[in-house]
Every structure is written in C-alpha cells, then in structure tokens.
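Peer 1: Let me see the structure of the following:
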Amino acid sequence: MQQTLSGQSVLNRPARTRRPLTIRIGSKLRPHLDQMMTPFSLIGTDPVFDSAAFGWAEMLRAHWQAIRQEALVVARNPDAVPALNTISPDHQTIAADQGWRSFFLVGYGARIQRNLDQCPVTASVLAHVPGLNSGFFSILKPGTHIPRHVGVTKGLITCHLGLVVPEGPLRMMVDDRELRWREGETLFFDDTYPHEVWNDTDGTRIVLLVQFERPLRQPGRAIAKAFLGGIRRSAFVRDAVSNLDKWEENFRKIEEIASH
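Peer 2: Sure thing, here's the model as predicted:
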C-alpha cells in the first residue's frame, strides 16, 4: 500500500462520490417516511430539544472530563483521525476539505473495536445510550465551515457533548436556531432540519457526537427501524466500514515504520 510517514496515502483521496442505488432510492423515499413517522414521535418534532427530555444525558455530562481526556489523546495524532471525506462516501459535498475529522467508535451499529479499546470510558458511556446508532469524536479545525445540509432520517436524533470549545465565533445553525457549544454540556437536535456549522476561531472544536433512535410509538417505530435496517445493510455503511479498516491498516504500518 502506498504510504508515507506523514500519513498521506491513497486513503487521503475522498471516498467515491456516486451514491449506491439503495441510498439514492432511500433519499427519494425519506421525506415520505419522515412524514409518516412524525405523528408518532414521543418527544415532539422541534428542531432542538431540551436535554432534560433524555435522562441518560446526565451520564454523558457526569463523565465529560474523562471522555475529553480520551478525545485529546486521540486528537494529538492527526494520522489516527481521518478526514470524514476519506471515510464516508456520502459526505463529499459537506466535507470537501480536511478540516472535519472524525474518530469513529460506532458507526450505524458497526463497532470499531480498536478505537473502542483506546477509549474505555467513552465506550462504556456509549454502551448505555438507548438505541445507539453512531458515536464518534467530531473534530473541527480552525476556519472549517460545514455547509448547510440535512440528515438521513427523522428516525434518529443527534446529541453533541461539548469537550473542547474555543472562545470566539463558533456556532451551529439548526433551522432558524443559533446554537453554541459549552464544555461539559449537551445539545440535542433533529438533523433532518437544515443545519450549518462555522468554526471561525483559532482553535479546534471537539465534541462527542452521539446519534440514537428517536423515541417513537408504533407504527412509527417499525417504519424507522425498517429504514435504518436498510441503511445499515447498504453499500453506504459497508464502504465506510471498509474505508475505516483500510485506514487502520495504513496507520498501523505508519506506526511500525516510525518505531524503527
């Protein structure tokens, strides 16, 4: 495999941009499925939620300093944290540069065991999140802008736990709401509303991003699970996991070279 000590490799090329057929079909179906789920939501349908609606959020806040320490250890070695566009084929338009990097622990139900082993406190906390879909450290370098975009399904809710939040012009817009992170605090939002992020500070922002299943009554829950099941079996997820495996293989080879 092509490699250098700087961590540059064929993996630093963006993942392929053409979406698999199942994802293209799913994108067309999504608005209709979201509309079918909406009446059955147990937490309402607002763009932003009160953290008090999720009792387990206190567990995140109680362990935030230990989680932060694990994230800082990971973030010290940029070769260990790939840019999102090298891992996920579906993030090309919103992660065009190397400024948004992600250290995946769980992705659409797939466990990245090597990463989980490096972050035992975070792994333990994630294990207690009801309906966990994904969990990763989301690292946003200075000057990075994530353009306006929408998420995959209303069947999921996103939580951010602030870990490293530099002072200055750092914000996220969700629909028409401006949100700002605070270290040790959680933000919950529905990412099917248009959202956009700016880090115009001189520092790096790090959050633990947790995505979990929306609490739904039947038949909304069955619709959401069927749609999520299709995504988890799709080439979209298989490709992302495969890219993570390749990145880890490349990173291990770089470590071996550096140790000699």
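Peer 1: drop to CA atoms for contacts and neighbour counts, all remaining ones
Peer 2: Noted.
Peer 1: all helices of the stretch 51-200 of the chain, in order?
Peer 2: 57-62, 64-75, 84-87, 113-118, 120-126 (DSSP state H, counting those that start in this stretch).
Peer 1: worst average pLDDT in those helices?
Peer 2: Lowest mean pLDDT within the helices of the stretch 51-200 of the chain: helix 84-87, at a mean of 56.
Peer 1: circling back to that earlier point, turn the helices of the stretch 51-200 of the chain into TSV, columns for distance to Arg171 and mean neighbour count.
Peer 2: Below are the helices of the stretch 51-200 of the chain laid out as TSV (distance: least, CA to CA, whole Å; neighbours: other CA atoms under 10 Å):
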stretch	distance to Arg171	mean neighbour count
helix 57-62	20	16
helix 64-75	20	18
helix 84-87	20	28
helix 113-118	28	15
helix 120-126	24	18
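Peer 1: Out of those helices, which is closest to Phe212?
Peer 2: Across the helices of the stretch 51-200 of the chain, Phe212 has its closest neighbour in helix 120-126 (10.1 Å, CA to CA).
Peer 1: Using CSV, write out every CA atom in the closest one.
Peer 2: The C-alpha coordinates for helix 120-126 follow below in CSV (Å, rounded to 0.1, in the frame of the first residue of the first chain):
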residue,chain,number,x,y,z
PRO,A,120,-12.8,2.7,27.5
VAL,A,121,-14.7,5.5,29.4
THR,A,122,-16.3,6.7,26.2
ALA,A,123,-17.1,3.1,25.1
SER,A,124,-18.7,2.4,28.5
VAL,A,125,-20.9,5.5,28.3
LEU,A,126,-22.0,4.8,24.7
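Peer 1: Outside of that helix itself, list whatever touches it.
Peer 2: 59-60, 63, 66-67, 70, 105, 116-117, 132, 135, 210 (CA atoms under 8 Å, 6 or more residues apart in numbering).
Peer 1: cool, stretch 130-145 as well?
Peer 2: 71, 75, 99-109, 126, 156, 196-213.
Peer 1: from these, which would you call buried?
Peer 2: Buried subset of the contacts of stretch 130-145 (neighbour count, 16 or more other CA atoms under 10 Å): 71, 75, 99-109, 126, 156, 196-201, 203-213.
Peer 1: Ser41 is in contact with Arg214, correct?
Peer 2: Yes - assessed by CA atoms under 8 Å, Arg214 is found in contact with Ser41 at 7.3 Å.
Peer 1: Looking at the two, which is more packed in?
Peer 2: Of the pair Arg214 and Ser41, Arg214 is the one with more neighbours under other CA atoms under 10 Å, namely 23 against 17.
Peer 1: Next, the more buried one: phi, psi?
Peer 2: For Arg214, the backbone dihedrals (degrees, to the nearest 10) come out as phi -70, psi 130.
Peer 1: got any ranges where this structure has weak pLDDT?
Peer 2: For the chain, applying pLDDT under 70 flags the ranges 1-28, 78-80, 82-97, 235-260.
Peer 1: the strands in it, which residues?
Peer 2: 48-49, 100-107, 110-111, 132-140, 145-149, 156-164, 170-174, 177-179, 186-189, 195-199, 205-213 (DSSP state E).
Peer 1: mind listing what the last one pairs with, with the direction of each?
Peer 2: Counting by DSSP bridges, the strands paired with strand 205-213 are strand 132-140 (antiparallel), strand 156-164 (antiparallel).
Peer 1: In the last one, which residues are buried?
Peer 2: When burial is assessed from 16+ other CA under 10 Å, strand 156-164 yields the following buried residues: 156-164.
Peer 1: Nearest to Ala52 among the residues you listed?
Peer 2: The shortest approach to Ala52 among these belongs to Cys159, at 12.4 Å (CA to CA).
Peer 1: tell me the contacts of the nearest residue to the closest one once chain neighbours are set aside?
Peer 2: Spatial nearest neighbour of Cys159, chain neighbours left out: Phe188 (4.4 Å); criterion: CA to CA, 6 or more residues apart in numbering. Counting by CA under 8 Å, 6+ apart, Phe188 makes contact with 48-51, 157-160.
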